[in-house]
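In: Provided below for reference: sequence and predicted model.
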Amino acid sequence: MGISDSSYQELAKQVYNTEPAKAQSNGYNVVNVGDSLSDRYTKKQYQVLAVQDNNNDADPTNDNGMQAMAVAPIVNGKVDTTQIVIAYAGTNSADFLDYPLTENRSSINVMLV
């Protein structure tokens, strides 16, 4: 069984809520390991297995903006780890951490389409 487009889209949106400040501004709780997330369209439930927010972890050398989580669907009341999904945040054009490191980040030109 695969994951629906709506479920992946919902999970990808929830990845941003791994960052406490972003979750607060979005009006959501911070996403943590063990949390249950759902697709509001299909009503499918997923359990969060792992979370990585490089901006807020203990290692200051990897503050590169990467945010991701591993989830698995809940099937018949049990977490099905044979169907793990990795969801990750996309590029945020407003966040300078989402661009390659340069000596002068202000010189990066972004073309919005």
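Out: Okay, I see it.

In: mind listing what residue 69 touches?
Out: 11, 14-15, 18, 31, 48-52, 86-88 (Cβ atoms under 8 Å, 6 or more residues apart in numbering). Any C-beta I mention is one placed from the backbone N, CA and C, and that applies to glycine too.

In: Quick one, which of the residues you listed are buried?
Out: Applying 16 or more other Cβ atoms under 10 Å to the contacts of residue 69, the neighbour count classes 11, 14, 15, 18, 31, 48, 49, 51, 52, 87 as buried.

In: Any idea how far the strand or helix carrying the first one is from the middle of the chain?
Out: The reference is to residue 11. Assigned by DSSP states H and E, residue 11 belongs to helix 5-15. The chain centroid and the centroid of helix 5-15 are separated by 8 Å under Cα atoms, centre = their mean, to the nearest Å.

In: Next, the contact list for the most centrally placed residue in the chain, please.
Out: Centroid-nearest residue in the chain: residue 15, 1.9 Å away (criterion: Cα atoms, centre = their mean). Residues near residue 15 by Cβ under 8 Å, 6+ apart: 31, 67, 68, 69, 87, 88, 89.

In: what comes into contact with stretch 42-51?
Out: Contacts with stretch 42-51, where a contact means Cβ under 8 Å, 6+ apart, come from 4, 6-7, 11, 18, 31-39, 68-74, 79, 81, 84-85.

In: average model confidence for that stretch?
Out: Regarding stretch 42-51, the rounded mean pLDDT is 94.

In: same question, stretch 16-30
Out: According to the model, stretch 16-30 has a mean pLDDT of 88.

In: Use 15 as the first number from now on
Out: From this message on, residue numbering opens at 15, which makes the last subject stretch 30-44.

In: Quantify the burial of residue 54 by counting its neighbouring residues.
Out: Neighbourhood size, residue 54 [other Cβ atoms under 10 Å]: 9.

In: wait, is it part of a helix?
Out: No: counting by DSSP: H, G, I helix; E, B strand; the rest coil, residue 54 is located in no helix; its state is coil.

In: Can you give me the neighbour number for the nearest residue to it once chain neighbours are set aside?
Out: Excluding the flanking residues, the one nearest residue 54 by Cβ to Cβ, 6 or more residues apart in numbering is residue 24, at 6.7 Å. For residue 24, the count of nearby residues is 19 (other Cβ under 10 Å).
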